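Engineer: All I have is the shape, not the residue letters:
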């Protein structure tokens, strides 16, 4: 049997540090499985060495169940729950998707990130109403039963909190925490609902109407002003998430879904769409979600999330299993459209190779990228850099920071380097 | 405000019985929401009539949680659990996806269908091994840690039990049961795993090898022979389902995923891939999953699932809310490739109109279709008929039955008509 060195070190690299073109892998020996003969197993059609039957095949298994859950052994795969003021206001907080344990592009509903300013309201879904009023011909309200008869669309889109990854903006870092805590406020789902244009058309938007103020039915009354153009464009009133009803954390029974826009604008538990000629300048848009720039000005109404990528495998606080073959894998997305390319560097940014994108590559959706890598055991830095279909390129941290005042942590989309130490430890690092 | 009749009855129909071209709906008044003024609500930006704040906005909400669950009010959205021999062998049974409550194309993991011949084994996932042996140069075995370093792919595919919908084959019907019980053994997920070609190439398949016998680590030792061509083509060893690890019901920690092939061949809890020159003719392929034909012959190795569609909204045992606008919505799929077209009839099959397909339309994946419909309140039959990219057309029940002996219920893919009564009740019917 060919050895690891025979097989993998003879490959032509696609870029420095051991990145390999996927097509070169055909018929290669990865040598990560054990040689069965060497381990003394009998070739009996059962992989157990002693030939005995395992307990679970000699007895009846568990019966079918009405709603499935992950295996108990996977109980560690949880969202990273963070409370900003645990004693004072435990309901003010969030939970991050454990990107380090997920391998596709869809986020399962149980692990979709959540952010709450006032906790998750215990509203009565079937009594809930959405009102459309203000500058309209016919004020209307809708309940779930009515909405379920309307024309619907289904689209896969990411949601990302404007504050995601913000800890990396602080020079007191780099914080050595796992990727769910660093970058977990981004998820991806198939959203199904009624196009907002259908509902607004029915209410009859007056010519002078340019904005819609959306208000959520939670304690803080989350309120955001949204341009009419976006509402009438690709905005939807989402009712379903990966096929089933929205989860309570994601705004059950109804929320806005504005593809590519920062998370908080996708107002959850939405109860009021107030059509106006001007934005309302709510506290969330004049204060919480505006960015102080390097020149002292404030950027308000920064709707779209920037082009971004993250290597999830390997990522912070993982330990490499020794030199040899790995697949570098991660996620890329852009609020402006499709991901066009993701470049990966395994030598600290000196050279780059294109990763493979798992198709179909959808607009404003998480895209899984992958590239083969043979790690030679030496310390190095792994980086990924996304480019979207508009030509926007994910910036380096220094370039990102140059745009903003030091206090800003919103819309952080800079390149995330992971340092691999000689011991195979993976660390967060600023380059 | 325009009335229902003013708006919807003036539309040109796309086919008989009230089917409408979606483009005609722009700016129309569906009149399903309540007129807010008429219902006496104050235009205050809150949709509650009395102006009081609801209890849940005056108190702190629930805190973030590690793993999310559906809202308690959605507790009725469950799989339809059916035990064939409840007293004798409760572990022999299945649970169907509640298609009547789902609206996208992805099936959330908690609601993916399951079928077990001997129950769900309580195996030790991190001790589990997959062995590749038989006609190979290098017998190999793999555990989860090794497999997680291999190159992976992610693809959305349906799985359907060969026996799905089989109750409609029996002339003792039509059974008046909901669609999850009639047709629920089909689901759709994003599967991530290692291409089987990578693992087989590493083991070194000998030239005379033409088949692979896959064996699961459950009590019945589910075993199926799979053509080498399929294994080396698009077959994968699936490790993840909608991003997270496989659920126990779906073969955790590893299963075969053979796009388009009947469910049982996608062997769950797979532990052995025995490479051979001939099929093994296991009991599952010589008996359970072979079909007796009308001419007395038996069809063995009927791998691919046929082209099929189902209207899920409305469907059996639902009650219409009265005449007016509805969106007819359903799912279509084919084991042979992409869905090319879905035709819908609202007049019992006299005339047909093309439904809209929710994109991207993926190969061997569930595709959601939708078409607007104005029901005039008269009794009628609703039908859907799928055509795939190979030109295969979903058959009528009479044509399907003509192929098989009366005892066969496998690979039932005939058109499902739903009868709408004058009272708005929806019934299963044979046409």
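Structural biologist: Yep, it's here. As the structure is a prediction and not an experimental result, all values here were calculated from the model.

Engineer: Wait, residue A:394 touches residue A:305, no?
Structural biologist: No - assessed by CB atoms under 8 Å, residue A:394 is found out of contact with residue A:305, at 11.7 Å. Where C-beta positions appear, they are placed from N, C-alpha and C, glycine not excepted.

Engineer: Overlap in contacts, these two.
Structural biologist: Counting by CB atoms under 8 Å, 6 or more residues apart in numbering or on different chains, the contacts common to residue A:394 and residue A:305 are residue A:413.

Engineer: How about residue A:375, nearest residue that isn't a chain neighbour?
Structural biologist: residue A:323 (5.4 Å; CB to CB, 6 or more residues apart in numbering or on different chains).

Engineer: And for that neighbour, the neighbour number?
Structural biologist: 17 (other CB atoms under 10 Å in any protein chain shown).

Engineer: ok, now how distant is residue A:145 from residue A:154?
Structural biologist: Distance of residue A:145 to residue A:154, given as CB to CB, to the nearest Å: 20 Å.

Engineer: out of the two, which sits in the busier spot?
Structural biologist: residue A:154 (21 against 10).

Engineer: Remind me which helix or strand the more buried one belongs to.
Structural biologist: Taking DSSP states H and E as the definition, one finds residue A:154 inside strand A:153-160.

Engineer: now for that strand, which elements pack on it?
Structural biologist: For strand A:153-160, the packing partners by 3 or more CB pairs under 8 Å, 6 or more residues apart in numbering or on different chains; DSSP states H and E come out as strand A:186-195, strand A:236-241.

Engineer: any idea which helix or strand comes after the shortest one?
Structural biologist: Note on strand A:236-241: by DSSP H and E, the next helix or strand toward the C-terminus is strand A:244-245.

Engineer: C-terminal to that following strand, what's the next element?
Structural biologist: As assigned by DSSP H and E, the chain's next helix or strand after strand A:244-245 is strand A:255-257.

Engineer: Return the set of buried residues in that next one.
Structural biologist: For strand A:255-257, a neighbour-count test (16 or more other CB atoms under 10 Å in any protein chain shown) marks A:255, A:256, A:257 as buried.

Engineer: remind me which residues of chain A are low pLDDT?
Structural biologist: Low-confidence segments of chain A (pLDDT under 70): A:1-10, A:27, A:35-51.

Engineer: Chain B contacts on the stretch 301-431 of chain A?
Structural biologist: Counting by CB under 8 Å from any CB of the partner chain, the stretch 301-431 of chain A comes close to chain B at A:313, A:321, A:324-327, A:329, A:358, A:360, A:362, A:368, A:370, A:372.

Engineer: Can you lay out the residues you listed as a markdown table showing secondary structure and neighbour count?
Structural biologist: Listed next are these as a markdown table, based on DSSP: H, G, I helix; E, B strand; the rest coil; neighbours: other CB atoms under 10 Å in any protein chain shown:
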| residue | secondary structure | neighbour count |
| --- | --- | --- |
| A:313 | strand | 22 |
| A:321 | coil | 15 |
| A:324 | strand | 21 |
| A:325 | strand | 23 |
| A:326 | strand | 24 |
| A:327 | strand | 21 |
| A:329 | strand | 26 |
| A:358 | coil | 21 |
| A:360 | coil | 16 |
| A:362 | coil | 22 |
| A:368 | strand | 28 |
| A:370 | strand | 22 |
| A:372 | strand | 27 |
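
Engineer: wait, which of those is closest to residue A:274?
Structural biologist: Of all these, residue A:362 has the smallest distance to residue A:274: 31.4 Å, by CB to CB.

Engineer: Excluding sequence neighbours, find me the nearest residue to the closest one.
Structural biologist: residue A:156 (5.3 Å).

Engineer: and if you look at residue A:387?
Structural biologist: residue A:341 (4.5 Å).

Engineer: now what about the helix or strand harbouring the one you found, what contacts it?
Structural biologist: Residue A:341 belongs to strand A:339-345 when assigned by DSSP H and E. With contact meaning CB under 8 Å, 6+ apart, strand A:339-345 is reached by A:15-17, A:19, A:307, A:309, A:311, A:328, A:330, A:332-333, A:351-355, A:357, A:361, A:367, A:369, A:371, A:381-389, A:391.

Engineer: Could you tell me which residues of the stretch 151-300 of chain A lie near chain B?
Structural biologist: Going by CB under 8 Å from any CB, the residues of the stretch 151-300 of chain A near chain B are A:151-155, A:190-192, A:198-199, A:201-202, A:213, A:215, A:217-219, A:221, A:239-245, A:247-249, A:252-253, A:271-272, A:274.
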